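# compute the structure for the input listed below.
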Amino acid sequence: LNNLTKYEMYQYENIIKEAVEKSNEEINMTIKRMTLEHSQKIALAMQALNMELNEIKHSTTNTTARVMKMEWWKEALIKKTIKQKIPPRVPVLVDLALRIQRFETENDSAILRRYFSQMIKAKEMDIEWGSQPPTLEALETYADYTYGNILRVTLSQLLLHYEKYEQKPFTVEEKKAMEHVATHLGKAMGLCILLRGTKHFATHYEETYLPADLCAEYNVTETNIYRGEQKEDIKNVVYRVANRAMAHLEEARKVELPKNEDVQSQFYLAAFIETFLITLEKKQFDIFHRAVTPNGLRFTYAKNLLKQYFRQTF
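The predicted structure follows:
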């Protein structure tokens, strides 16, 4: 890292920013509403990391090659980037090494490494599943290990920032409350993102994240999904997944958080979750309807995000 020029740092940061902007407009809009610039940059780097890890499954159809690539990322991320701070010259890894602040205790550092290890584990699970997750519970775990940990890492850096620079550390109870919210919102966000991607995954990869156990319960086949059939049974499966996501959103909103705009802005993605789920319900859980696509949600989501921003609550 000491050999990096300011121009190289700027280049890497721009590569990450542009990648996230092109990939997910809603998440990019949410990040821009974070009140701390450091939080924005950490959140962008975490989203870019998730995108890189997602690409492993779709980069090849060879399972052995997928596993080998995942092993490379595991060592490059956990050992070289997070633990040793000597990342390979990969934009997202260099940026993470620059952004992630070191914790004072080994216990806190171990917790941070666990968050990243779980992200890797989620992608390994996805490769093992093949074209479909086995159960709704497995899908929830995947959502928690990805989006839950994206939130936890970003949140951990906010807490460290307050302890080091603001001299206003949060209480143990406040930290637990924030992590509880991150867990529920992470699961809800992951379920919504995977639901919303149903048509994309079916069309481009012949895979689905509608769980096999629910599909079996309603006699839905993968072929039904890949063809985009307007079956009531598919809507029933979508309803069950969406209902679980809504339950997590409601649980998150029951938690009392500190009256702090920096904390509240960490969780503005609740606006996307709510917008998506309400729109999906209005369309009778037709996951192939245009209204639940990024273009269909854009205006409503921007309006709901703005409301949260001015109220300073998620």
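# any weak-confidence spans in the stretch 101-250 of the chain?
In the predicted model of the stretch 101-250 of the chain, residues 102-105, 167 satisfy pLDDT under 70.
# burial measure for residue 295, as a count.
9 (other CB atoms under 10 Å). To be clear about C-beta, it is placed using only N, CA and C from the backbone, and glycine gets the same treatment.
# so residue 124 is in which element?
Assigned by DSSP states H and E, residue 124 falls within helix 106-129.
# for residue 210, same thing?
Going by DSSP H and E, residue 210 is not in any helix or strand.
# do I have it right that it meets residue 198?
Yes: using CB atoms under 8 Å, residue 210 is in contact with residue 198, at 6.7 Å.
# any common contacting residues for these two?
Listed contacts common to residue 210 and residue 198 are 225, 238; contacts here mean CB atoms under 8 Å, 6 or more residues apart in numbering.
# same drill for these two, tell me which one is more crowded.
The neighbour comparison of residue 210 against residue 198 (other CB under 10 Å) goes to residue 210, with 26 against 22.
# in three-state terms, label the closest residue to that one other than its chain neighbours for me.
Using CB to CB, 6 or more residues apart in numbering and skipping the chain neighbours, the partner closest in space to residue 210 is residue 237 (5.1 Å). Here residue 237 takes the helix state, with states given by DSSP: H, G, I helix; E, B strand; the rest coil.
# just checking, what packs against the strand or helix carrying residue 185?
Element membership for residue 185, per DSSP H and E: helix 172-196. In this structure, helix 172-196 makes packing contacts with helix 136-143, helix 149-161, helix 232-254, helix 270-282, judged by 3 or more CB pairs under 8 Å, 6 or more residues apart in numbering; DSSP states H and E.
# average pLDDT for the last one?
Taken as a whole, helix 270-282 has a mean pLDDT of 96.
# who touches the closest residue to residue 226 other than its chain neighbours in this structure?
In this structure, residue 226 finds its nearest non-sequential neighbour in residue 202, 4.6 Å apart by CB to CB, 6+ apart. In this structure, residue 202 makes contact with 208, 225-226, 228, judged by CB under 8 Å, 6+ apart.
# tilt between the helix or strand in which residue 202 is found and helix 232-254?
Element membership for residue 202 (DSSP H and E) is helix 198-205. Put simply, helix 198-205 runs at 120 degrees to helix 232-254, going by axes from the mean of the first three to the mean of the last three CA atoms, to 10 degrees.
# which outside residues touch the next helix or strand after helix 198-205?
Scanning forward in sequence from helix 198-205 by DSSP H and E, the next helix or strand is helix 212-217. Here helix 212-217 makes contact (CB under 8 Å, 6+ apart) with 132-136, 220-222, 225, 237, 240-241.
# same thing but at 10 Å, please
By CB atoms under 10 Å, 6 or more residues apart in numbering, the residues outside helix 212-217 that reach it are 129, 131-139, 208, 211, 220-222, 224-225, 233-234, 236-241.
# which elements pack onto the helix or strand following it?
Counting by DSSP H and E, the element after helix 212-217 in chain order, helix or strand, is helix 222-226. Judged by 3 or more CB pairs under 10 Å, 6 or more residues apart in numbering; DSSP states H and E, the packing partners of helix 222-226 are helix 198-205, helix 212-217, helix 232-254.
# how about a cut-off of 8 Å?
Here helix 222-226 touches helix 198-205, helix 232-254, going by 3+ CB pairs under 8 Å, 6+ apart.
# residues contacting residue 207?
Residue 207 neighbours (CB under 8 Å, 6+ apart): 130-132, 201.
# mind putting those in CSV, distance to residue 292 included?
Shown next, in CSV, are those (distance: CB to CB, whole Å):
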residue, distance to residue 292
130, 26
131, 22
132, 20
201, 14
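# nearest to residue 55 among the residues you listed?
Distance to residue 55 across those (CB to CB) is lowest for residue 201, with 13.7 Å.
# tell me the phi and psi of the nearest residue to the closest one once chain neighbours are set aside?
Among residues not flanking residue 201 along the chain, residue 207 sits closest, at 5.1 Å (CB to CB, 6+ apart). Backbone dihedrals for residue 207, given as degrees, to the nearest 10, come out at phi -140, psi 160.
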